[in-house]
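>>> got a structure for you, letters missing:
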């Protein structure tokens, strides 16, 4: 199955000049969703994953399903102020300004083997920040997975110390 055909391009979203890769057209297709989940599962099913960490918000979709299929726990990383208990925060730089993400302080420990998942790898800043949070809690990152990677933005370079897999690659906008 060519899941790339199930992903919709939305021009000028969220700002003019950006072509947004919309996975809602993939996940609404039951066969496409199942196929994509199986492909992601096959990347990590023999790695002893104890926790799947998904990044807000589209990382929750396949991340939660992967956790269930792996028999692992699911841990969300969210934007500041969204998690109810004590958190740790990591702030990172963007092209124009900065952003932050948080994780519960008690979400992971040194015994956890983590799969980090998000829907799309662009510049890599958010995932690099997520790696920082996971490692601050003492857990080991076994694998990072994405449905989509925008190769032309070179986000993988920020993740060169990790095993990274993406199902779909785009070489240009």
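Structure received. Since the structure is predicted, the reported quantities are computational estimates derived from the model, not experimental observations.
>>> Which parts of the protein are helices?
24-27, 30-44, 59-70, 125-136 (DSSP state H).
>>> Make CSV from those and add distance to residue 51 to it.
C-beta here means a position set from N, CA and C on the backbone, and glycine is covered the same way. What follows is these, written out as CSV (distance: least, C-beta to C-beta, whole Å):
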stretch, distance to residue 51
helix 24-27, 22
helix 30-44, 12
helix 59-70, 8
helix 125-136, 9
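>>> which residue is nearest the centroid of the protein?
Nearest to the geometric centre of the chain sits residue 118, at 1.5 Å (C-alpha atoms, centre = their mean).
>>> mind listing the strands in this structure by residue range?
8-11, 19-22, 51-55, 73-77, 87-94, 97-104, 113-121, 140-150, 164-170 (DSSP state E).
>>> follow-up on the earlier one: wait, which of the helices of the chain is closest to residue 170?
When these are compared by C-beta to C-beta, helix 24-27 sits nearest residue 170, at 14.2 Å.
>>> How far off centre is stretch 65-82?
10 Å (C-alpha atoms, centre = their mean, to the nearest Å).
>>> Could you work out the end-to-end span of it for me?
The straight-line separation of the ends of stretch 65-82 (C-alpha to C-alpha, to the nearest Å) is 21 Å.
>>> and what of stretch 99-118?
So stretch 99-118: terminal residues 17 Å apart, C-alpha to C-alpha.
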